[in-house]
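J.: Build me a model from this:
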Amino acid sequence: MPKLKSSKKKLRQARTHTAHNRAQRSAVKTAVKKARATPTTETVRAAIRALDRGATKGQVHRNAAARKKSRLARLLAKQQPQ
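T.: Numbering: from 1, shown residues only. Next up is the predicted model:
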């Protein structure tokens, strides 16, 4: 455990930020799972927005977000008739 006052504060901040980031990452994963389960335009659009938001804030790696967005778009294109 930290001894210095500033170190104690940094530990409190880290715990708060970790909890917030974990919740946001979980929300992104939930949106992607919903989009994969029922690939409609609305669910895929919501998942892409969540992935973009997560990538912007550093909660999801930007390349991983781009890969998942691409796969969701391919899945949606396959589901919808031309």
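
J.: give me every residue that touches the residue positioned nearest the centre of the chain.
T.: Centroid check for the chain by CA atoms, centre = their mean gives residue 28 as the closest residue, at 3.2 Å. Contact partners of residue 28, counting by CB atoms under 8 Å, 6 or more residues apart in numbering, are 47, 50, 51, 53, 54, 59, 60. Just so you know, the C-beta spots here come from the backbone N, C-alpha and C atoms, and that holds for glycine as well.

J.: Can you check the pLDDT for it?
T.: Looking at residue 28, its pLDDT is 97.

J.: swap in residue 1?
T.: Value listed for residue 1 in the pLDDT field: 88.

J.: Equivalent analysis for residue 75, please.
T.: For residue 75, pLDDT reads 95.

J.: Could you measure from it over to residue 2?
T.: Computed as CB to CB, to the nearest Å, the residue 75 to residue 2 distance reads 47 Å.

J.: got it, and residue 59?
T.: In this view, residue 59 and residue 2 are 25 Å apart by CB to CB.

J.: same check, this time on residue 78
T.: For residue 78 relative to residue 2 (CB to CB), the value is 53 Å.

J.: And for residue 36, nearest residue in space, chain neighbours not counted?
T.: Leaving aside its sequence neighbours, residue 36 sits nearest to residue 75 (CB to CB, 6 or more residues apart in numbering; 6.8 Å).

J.: Please identify the buried residues of the helix or strand that contains that neighbour?
T.: According to DSSP states H and E, residue 75 maps onto helix 62-79. Within helix 62-79, the residues that count as buried by 16 or more other CB atoms under 10 Å are 65, 68, 69, 72, 76.

J.: For that helix, give me every contacting residue.
T.: If you take CB under 8 Å, 6+ apart as the criterion, helix 62-79 is touched by 32, 35-36, 39-41, 44, 47-48, 51-52, 54-55.

J.: ok, those residues vs residue 14, which is closest?
T.: Distance to residue 14 across these (CB to CB) is lowest for residue 54, with 19.3 Å.

J.: right, and the closest one touches residue 24 too?
T.: Yes. Residue 54 is within contact range of residue 24, at 6.4 Å (criterion: CB atoms under 8 Å).
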